[in-house]
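1. need the 3D shape of this:
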Amino acid sequence: MKKSIILGIIIIVALLLISTIVSPVMIVAEDTEEDASIDMAATIGLTGFNWVYPGSSVNSEGQTLHNVHMNNPDDPYGAARDIMTYSYGITPHIFFSVNNDAAQAIFGGSIVDDIRANDGYFGYAGNGNVAGSMSRGDAVGTAMLENGMNVFEIPIQIILGNISIHFA
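-> Numbers count the residues shown, from 1 in each chain. This next block holds a predicted model:
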């Protein structure tokens, strides 16, 4: 049993690494309190780690990555793939969706508020030495670094369904 779990993990990691050769993996932060909108995204691939701002990522019809669940409820990740292809010329086929509960479990209970404070989101005051005027990518990155990461929560959050894997 233990060997099969380890083998399964090795196979999953190998498939993810192989898939980045042909297309990046995309991580999306989805806020289930806002109609499951995508609030932030990043790609991981051969070109490295790149932040993607969902409000600036559009398809040929002008639909944003932020609203893929509202605009394409039957296939939001297919729509997200098409938006990434149209906006950036990359075509992710694997998506990791992380909700607020997973983010708080992995990065601490204040991660969402810290991001909003760093970003100056809807009047949140800055925190510490941050004036609240960072780009969204910098706001997320800074909050993640300041809060630290509990990697042991990742498999737990996958089991709980707070991190889900989608193929497009």
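2. tell me which residue is most central in this structure.
-> Val28 (2.3 Å; C-alpha atoms, centre = their mean).
3. contacts only, for that one.
-> Val28 makes contact with Ile38, Met40, Ala41, Pro54, Ala80, Phe95, Phe96, Ser97, Val98, according to C-beta atoms under 8 Å, 6 or more residues apart in numbering. Every residue, glycine included, has its C-beta placed from N, CA and C.
4. show me where pLDDT drops low in the chain?
-> 1, 17, 19-21, 34, 36, 120-133 (pLDDT under 70).
5. switch to 50 and redo it
-> Across the chain, nothing is flagged by pLDDT under 50.
6. spatially nearest residue to His93, not counting backbone neighbours?
-> Closest residue to His93 apart from its sequence neighbours, by C-beta to C-beta, 6 or more residues apart in numbering: Ser23 at 5.1 Å.
7. contacts only, for the one you found.
-> Ser23 neighbours (C-beta under 8 Å, 6+ apart): Gly45, Ile90, Thr91, Pro92, His93, Ile94.
8. got phi/psi on the nearest residue to Pro24 once chain neighbours are set aside?
-> Take Pro24 and drop its neighbours on the chain: the residue closest to it by C-beta to C-beta, 6+ apart is Gly45, 3.0 Å away. Main-chain dihedrals, Gly45, degrees, to the nearest 10: phi -160, psi -160.
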